[in-house]
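Engineer: Next input, structure requested:
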Amino acid sequence: MPTRENGEGLAERLLPLVPQAVTNAAATFVDSLKISSTSEKVRRGRRVVIKRRNVYSEQLADLANLYFRMSSIPIRIWSKTKDWQRWEVNSFRMLNGNRFRASKSGAEKVYGQVAG
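Structural biologist: Numbers count the residues shown, from 1 in each chain. Next up, the predicted model:
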């Protein structure tokens, strides 16, 4: 993006002109587009972290990936829930080794046992 002599970009110049209410509304809208949620529960006396994909996660991930591609941003999101579950479980196992367990549950959840 073109910048002025002082290194200030267009976004930085326009930000003070945007009313706080518009900024808050935009932030609330973006927060509502979350692809997944994380919660912590106790199951069988053990603390577990549950990651859950929302109903529109595949469509939102596809849309985000399109944006990333068009913007030449080298990030991709797993859009297919089964691929996402496999990635989450494998990542959990890689980070925690045999100390804790992780598994997929149902069509849209991943469980990971945590310390405590």
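Engineer: Which helix or which strand is home to residue 64?
Structural biologist: Using DSSP states H and E, residue 64 maps to helix 57-70.
Engineer: what about the next helix or strand after that helix, distance to the chain center?
Structural biologist: Next helix or strand after helix 57-70 toward the C-terminus (DSSP H and E): helix 81-96. Centroid displacement of helix 81-96 relative to its chain, using CA atoms, centre = their mean, to the nearest Å, is 14 Å.
Engineer: Check stretch 54-69 too.
Structural biologist: In terms of CA atoms, centre = their mean, the centre of stretch 54-69 is set 11 Å apart from its chain centre.
Engineer: shift numbering so it begins at 767
Structural biologist: Okay, residue one is now 767; in that scheme the one you just asked about reads as stretch 820-835.
Engineer: List the buried residues in stretch 829-846.
Structural biologist: By neighbour count with 16 or more other CB atoms under 10 Å, stretch 829-846 contains the buried residues 830-831, 843-845. For glycine as for every other residue, the C-beta is placed from the backbone atoms N, C-alpha and C.
Engineer: tell me which of those is nearest to residue 813?
Structural biologist: Using CB to CB, residue 844 is the member of the buried residues of stretch 829-846 that lies nearest residue 813, at 25.4 Å.
Engineer: coming back round to it: CA atoms only for the helix holding residue 830 - export them in CSV, please.
Structural biologist: Presented in CSV, the C-alpha positions along helix 823-836 are these (Å, rounded to 0.1, in the frame of the first residue of the first chain):
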residue,chain,number,x,y,z
SER,A,823,-16.9,-23.3,9.5
GLU,A,824,-16.3,-24.9,6.2
GLN,A,825,-17.8,-22.1,4.2
LEU,A,826,-16.0,-19.4,6.3
ALA,A,827,-12.7,-21.2,5.9
ASP,A,828,-13.2,-21.4,2.1
LEU,A,829,-13.9,-17.7,2.1
ALA,A,830,-10.9,-16.9,4.3
ASN,A,831,-8.7,-19.0,2.0
LEU,A,832,-9.9,-17.2,-1.0
TYR,A,833,-9.1,-13.9,0.6
PHE,A,834,-5.7,-15.1,1.7
ARG,A,835,-4.9,-16.3,-1.9
MET,A,836,-6.1,-13.1,-3.5
